[in-house]
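*Asks:* Structure for the following, please:
(chains A, B, C and D)
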Protein chains: 2
Amino acid sequence: MFERLDSRSPTPLYAQIAERLRAAIVTRELSPAEALPSVRQLAASLRVNPATVVQAYRELEAEGFIEMRQGAGTFVREVSPVQRSAERDRQATELVRRLLADAARLGLSSRDVITAVERELGEKVR
Amino acid sequence: MFERLDSRSPTPLYAQIAERLRAAIVTRELSPAEALPSVRQLAASLRVNPATVVQAYRELEAEGFIEMRQGAGTFVREVSPVQRSAERDRQATELVRRLLADAARLGLSSRDVITAVERELGEKVR
DNA sequence: ACCAGTGTATCGCAACTCTAATACACCGGT
DNA sequence: ACCGGTGTATTAGAGTTGCGATACACTGGT
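*Replies:* You can find the predicted model right below:
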């Protein structure tokens, strides 16, 4: 499940780790309530410092994907479809707000943005 | 035209400068072929280092808004509507690609993104 | 041709981020 | 109650980035 990381990549190690785990959780490759590898285990397996794994886990915890219990371990969080949907909504909104702010800074109109979205997604926005 | 900068802001000084100038150019407050303040003038006016202004100018030059001519000065670039439109397109696409990449990293679907875009813009995507 | 005014290049320092190292605090089976 | 395994906290070092200082190189009116 865990291939080697690219330590030369501009995306930090902790982000690479978080990304993989997030994908695994979303695809149910890791089931709810399932225990993740311990900080030290995963760190050893990836030949990385435990603190780096912790940082990845913290990010996922902040996003509501996992739960860290001191002394016990780290577990995939059980979330209701409603909660999950709400969280996705929140995240998507945050990203879009950032996009629009950046666009405004560059002097781009909503029209410009919509057009680009439609082109990139091959899907038209009503 | 140039109020004081916020040196405590997380957005770098050079970015703040670039942002203002970009807005002024887009709104035609600064006309094509018009000379911008010299690096030293603007730096003095904003109580900032000339190198910081240079950095802002470079960014705008890379975006195609201005042209720096050694020994002569810095000028607003004259661009045809077609070029201009193409450039806006390019920038919008770049931003949207980043948005989609980030969304993918977070495990969000295109549907999630589209929904958020529509909500934030109050405009439907076809 | 001069030279005042313009952009350019290089270096250095401070702040921040990422990663690692080390020591600490908690849980749970035995 | 122990103690091996777990997460937590603090500190340190390497790299990157923002900003400033200083010296250099070019342009254009006189």
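
*Asks:* biggest helix in chain A, by residue count?
*Replies:* Secondary structure of chain A per DSSP state H: the longest helix is helix A:81-105.

*Asks:* quick one: is that helix near DNA strand D?
*Replies:* No - using C-beta under 7 Å from any atom of the strand, we find that helix A:81-105 stays clear of DNA strand D, coming within 14.3 Å at best. Every residue, glycine included, has its C-beta placed from N, CA and C.

*Asks:* Give me the contacts around that helix.
*Replies:* A:63-64, A:79, A:109-110, A:112-113, B:19, B:22, B:92, B:95-96, B:98-99, B:102-103, B:106-108, B:112-113, B:115-117, B:119-121 (C-beta atoms under 8 Å, 6 or more residues apart in numbering or on different chains).

*Asks:* what's the offset of it from the middle of its chain?
*Replies:* Chain-centre distance of helix A:81-105: 13 Å, with C-alpha atoms, centre = their mean, to the nearest Å.

*Asks:* again with stretch A:62-74
*Replies:* 15 Å.

*Asks:* can you check stretch A:42-60 too?
*Replies:* Per C-alpha atoms, centre = their mean, the centroid offset for stretch A:42-60 relative to its chain is 15 Å.

*Asks:* ends of that stretch, how far apart?
*Replies:* Stretch A:42-60 has its terminal residues 15 Å apart, counting by C-alpha to C-alpha, to the nearest Å.

*Asks:* And the contacts of it?
*Replies:* Under C-beta under 8 Å, 6+ apart, the answer for stretch A:42-60 is A:2, A:4-5, A:13-15, A:17-18, A:21-22, A:25, A:36-37, A:39-40, A:66, A:68, A:74.

*Asks:* Looking at those residues, which are in strands?
*Replies:* In strands, defined here by DSSP state E, the members of these are A:66, A:68, A:74.

*Asks:* so which of these is the most crowded?
*Replies:* Ranked by neighbour count (other C-beta atoms under 10 Å in any protein chain shown), those have A:Ile66 at the top, with 24 neighbours.

*Asks:* and the helix or strand of chain A with the lowest mean pLDDT with helix B:81-105, angle?
*Replies:* Of all helical and strand segments in chain A, the minimum by mean pLDDT, DSSP states H and E falls on helix A:81-105, at a mean of 90. Orientation of helix A:81-105 against helix B:81-105 (axes from the mean of the first three to the mean of the last three C-alpha atoms, to 10 degrees) gives an angle of 150 degrees.

*Asks:* What remains of the contacts of helix A:81-105 if I keep only buried residues?
*Replies:* A:63, A:112-113, B:19, B:22, B:92, B:95-96, B:99, B:102-103, B:106-108, B:112-113, B:115-117, B:120-121 (16 or more other C-beta atoms under 10 Å in any protein chain shown).
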